[in-house]
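Q: got a predicted structure plus its sequence, pasted below:
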Amino acid sequence: MKYKLIIIGSGISGICAAKWAKKYGISFIVIEKNKDIGGVWYNVNYSGLKLQTMKDYYQFNDFPFSKEVSQYPTRNEIIQYLKEAIHHYKIEKSILYNTNVESIKYNYSNKMWNIQCN
């Protein structure tokens, strides 16, 4: 498959990149190694885990956290917010879950990146 943009990871930065790619009509795919979105929030979990900054600084300007979410969201609130965001931006079908990037090599002859996934 050929895409103009390959996004590795579906944490908040990956979702942000996908949101803008979709908005500007850039063909893209998001490769996620886990079975769900969230990036570091998916991979780390312990009692009391929450955002260390106010939610206002960790949200998309055009898609804020709901008012019911605490000022310093918990891990579960953040993951829920990210799930709502991918639905809001209609990028759910552009995420490949359970996919590991095994190699990335630049092909100088065709000026393209080759990405091998499992």
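A: Arrived safely. None of the values given here were measured: they were computed from a predicted structure.

Q: so where do the helices sit in the protein?
A: For the chain, the helices defined by DSSP state H occupy 12-23, 40-43, 75-88.

Q: mind listing what's buried along the longest one?
A: Of the residues in helix 75-88, 75, 77, 78, 79, 80, 81, 82, 85, 86 count as buried by neighbour count, 16 or more other C-beta atoms under 10 Å. C-beta coordinates here come from the backbone N, C-alpha and C atoms, glycine included.

Q: which secondary structure elements does that helix contact?
A: helix 12-23, helix 40-43 (3 or more C-beta pairs under 8 Å, 6 or more residues apart in numbering; DSSP states H and E).

Q: need those helices in CSV (columns: mean pLDDT).
A: Below are these laid out as CSV (pLDDT from 0 to 100):
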stretch, mean pLDDT
helix 12-23, 97
helix 40-43, 92
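
Q: could you pull out the strands for the chain?
A: 5-8, 28-31, 95-96, 101-107, 112-117 (DSSP state E).

Q: want to throw those strands into JSON lines with mean neighbour count, distance to residue 69 and mean pLDDT?
A: Shown next, in JSON lines, are those (neighbours: other C-beta atoms under 10 Å; distance: least, C-beta to C-beta, whole Å; pLDDT from 0 to 100):
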{"stretch": "strand 5-8", "mean neighbour count": "17", "distance to residue 69": "25", "mean pLDDT": "96"}
{"stretch": "strand 28-31", "mean neighbour count": "20", "distance to residue 69": "24", "mean pLDDT": "97"}
{"stretch": "strand 95-96", "mean neighbour count": "16", "distance to residue 69": "23", "mean pLDDT": "98"}
{"stretch": "strand 101-107", "mean neighbour count": "10", "distance to residue 69": "32", "mean pLDDT": "96"}
{"stretch": "strand 112-117", "mean neighbour count": "12", "distance to residue 69": "34", "mean pLDDT": "93"}
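
Q: much appreciated, bye for now.
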